[in-house]
Structures are given as C-alpha cells and as structure tokens.
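K.L.:
predicted model follows, preceded by the sequence.
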Amino acid sequence: MKCPICKNNMVSILYGMPSSEAIEKAERQELFIGGCMIMNDNPKYHCYKCQKSFSKDLKSSIDENDDWIKTDVPQFLKSDDNKK
C-alpha cells in the first residue's frame, strides 16, 4: 500500500508484545511496532519516509512531527553532554 502523502510503500503496524522476529522485521522496516496498547481505533499502516501513521481508510492518525506531541526536557534532566 502506498502512502497518500509521499507515495512511499507503507508497512503494517503490529500491536502487542513483539517477538524477536517482529523486532528484526521492524529493524528492516518491514513492519512498524505500534506498542503494547491494543485499541480499536489504532492506526493500521505506517510510512517510514514521512513518519506518519494511517487508519484503514488512509486518514492520518498520528502526525509524529506535530508540535503538540513534543515536550521540552527540563535542563536538570539533560545529561552533561547535552547541555553544551
């Protein structure tokens, strides 16, 4: 299936505890691990190129680049290497 945004191939999203085989497939970008929480409205497909996930009807479910899901890490929690 092709991504409606960038036309790259998408992969299925696996939910639940992944097996070692599933982890290897995710490392090769043959599937995407969606986490252990299984809900009816979870996205079904993921595009590694544009980093978006989509429901079965190809409506964008998660925009991983949206500012609303980014959080600032307080300075005191950052390692000394990151303070530079």
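P.N.:
On my side now, so go ahead.
K.L.:
now name the helix or strand holding P18.
P.N.:
Per DSSP states H and E, P18 falls between elements, in no helix or strand.
K.L.:
what is the burial count for it?
P.N.:
With neighbours defined by other CB atoms under 10 Å, the count for P18 comes to 17. Quick note: C-beta positions are derived from backbone N, CA and C, even for glycine.
K.L.:
correct me, but it touches A26?
P.N.:
Yes - P18 is in contact with A26 according to CB atoms under 8 Å; the separation is 7.1 Å.
K.L.:
what is in contact with the two at once?
P.N.:
I33 (CB atoms under 8 Å, 6 or more residues apart in numbering).
K.L.:
give the burial count for P43, as a bare number.
P.N.:
19.
K.L.:
kindly report the same for F54.
P.N.:
21.
K.L.:
I33 versus that one, what's the distance?
P.N.:
16 Å (CB to CB, to the nearest Å).
K.L.:
so where do the helices sit in the chain?
P.N.:
20-27 (DSSP state H).
K.L.:
for it, which segments are assigned as strands?
P.N.:
11-15, 32-35, 45-47, 52-54, 60-63 (DSSP state E).
K.L.:
would you reformat these as a markdown table and include distance to I5?
P.N.:
Below are these laid out as a markdown table (distance: least, CB to CB, whole Å):
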| stretch | distance to I5 |
| --- | --- |
| strand 11-15 | 15 |
| strand 32-35 | 15 |
| strand 45-47 | 7 |
| strand 52-54 | 6 |
| strand 60-63 | 8 |
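K.L.:
single out the most deeply packed of these.
P.N.:
strand 45-47 (a mean of 23; mean count of other CB atoms under 10 Å).
K.L.:
low-confidence stretches in the chain?
P.N.:
60-84 (pLDDT under 70).
K.L.:
can we see that at 80?
P.N.:
58-84 (pLDDT under 80).
K.L.:
what is the neighbour count of E30?
P.N.:
12.
K.L.:
my read: it touches N9, true?
P.N.:
No - counting by CB under 8 Å, E30 sits too far from N9 to count as a contact (10.1 Å).
K.L.:
distance from stretch 11-26 to the middle of the chain?
P.N.:
12 Å (CA atoms, centre = their mean, to the nearest Å).
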